[in-house]
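1. Attaching a predicted model along with its sequence, questions to come.
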Amino acid sequence: MLRLALHHRLQARAARALLSLSDRTLLRLSGGRPFARDGLTLDPQVQLLLTLQRRLKRPLLHELSVAGARRELEVNCHIMAPAARPLASVADDTFPGPGGPIPVRIYRPHGVPRPAPALVFFHGGGFVTGSLDSHDPICRLFADEARCVVLAVDYRMGPEHRFPAAPDDALAAFRHVATHTGPLGLDPARLAVAGDSAGGNLSAVVALATRGDPVRPAFQLLIYPAVDLTMSFPSIEIMGKDLFLERATMDWFLAHYLRDDADRHDLRASPWLAPDVRGAPPACIVTAGFDPLRDEGDAYARKLRDAGVAVEHVRHTGLFHGFISVCGGLSHALPPVLEMAAALRRALA
């Protein structure tokens, strides 16, 4: 295990050095021609990262066992993660949930007075992979940059706990925070939800399910969210091959997460299918051009806006699904992440 960790650190160091080169040099190292698809051009740093992944023959998650896929995602999230931000405290805890205690990690930045604004964060990973550790660097960044307490939720995942365990835990965790703001030192008027990919799905579900609650989210940050598990949007096929998130991997995730095909149409799995989204909290929805989930995220932003919800929608055309986890090595991915943190800070000010 120690040898494997050293191997990954050496890979990361070499990759970071290469990615710091000029865009022209990056393209030359990637074969000399920009990668284009669907009228978009892949960012040169991302193109080199994709080239390196292929040359190193890194496995795709669906080619592994569940345990192997979980280990691989942890490695991928830490190889080029942003540097750990120093915070006032980081503490593990549990909240009560419908299937037993829900592990959470609470990040408190320096200099934020109580009652503090707070973000309830749900990690990505296809409802099968991901953890408090995989997204620890990004939670630290959000806490520090957005000047808020971050409460990261380790919801139950498949195949051990199939749908609707994940949204049930997400909703229970948010409602626990909402009803315990006093002991937690939080401001009930300044709570947000956020997550990437599967975590964006859970954030959207919580944002809709709590519209009638006494304390509900004041803001939702959805980062390349999976909001349509029927997988009916064109980008699923257009961007679902030879990039970082494969259609085959998404099928593998859902085979481990859902009980049957009928679950795809449940509003707790596919918030895009909600007939009425009026009254949802203001949103910032971030999508990436080279992402199979691009079109559904774009469409969900339009749906919310058409229902009268205040929406900031940003599509980063040259980036890919998962870019927040590599913003420590991809300098072109860091500004979008800092923009997300700034949106959170403004919304919770």
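-> Received it, and whenever you're ready, just let me know what you need. Numbering: from 1, shown residues only.
2. what does the helix or strand containing Ile236 contact?
-> Using DSSP states H and E, Ile236 sits in helix 235-238. Residues outside helix 235-238 that contact it (C-beta atoms under 8 Å, 6 or more residues apart in numbering): Arg37, Asp38, Arg247, Met250, Asp291, Pro292, Leu293, Arg294, Asp295, Glu296. The way it works is simple: take the backbone N, C-alpha and C, and place the C-beta from them, glycine included.
3. ok, and for it, which residues are buried?
-> Residues Ser235, Ile236, Ile238 are the ones in helix 235-238 that count as buried (16 or more other C-beta atoms under 10 Å).
4. mind checking how far the residue nearest the centre of the chain is from Met340?
-> With distances taken as C-alpha atoms, centre = their mean, Asp196 lies nearest the centre of the chain, 1.4 Å away. According to C-beta to C-beta, to the nearest Å, Asp196 and Met340 sit 10 Å apart.
5. between the two, what contacts are shared?
-> Ile223, Ile324.
6. still on that earlier bit, give the bridge partners for the residue nearest to the centre of the chain, please.
-> On the basis of DSSP bridges, Asp196 is bridged to Ile223.
7. hang on, it packs against Ile324?
-> Yes: using C-beta atoms under 8 Å, Asp196 is in contact with Ile324, at 5.8 Å.
8. for the stretch 1-150 of the chain, what spans make up the helices?
-> Remark: helices assigned in the stretch 1-150 of the chain by DSSP state H, counting those that start in this stretch are 2-19, 23-29, 44-55, 66-79, 136-146.
9. So what's the gap between the helix holding Ile236 and the chain middle?
-> Going by C-alpha atoms, centre = their mean, to the nearest Å, the spacing between the C-alpha centre of helix 235-238 and its chain's C-alpha centre is 19 Å.
10. ok so, going back, shared neighbours of Asp196 and Ile324, which are they?
-> Residues touching both Asp196 and Ile324 (C-beta under 8 Å, 6+ apart) are Ile138, Ile223.
11. Name all residues that make contact with the residue nearest to the centre of the chain.
-> So Asp196 contacts His123, Gly124, His135, Ile138, Ile223, Tyr224, Pro225, Gly322, Ile324, Ser325 (C-beta under 8 Å, 6+ apart).
12. Tell me the spacing between Thr249 and Ala255.
-> Using C-beta to C-beta, we find Thr249 at a distance of 11 Å from Ala255.
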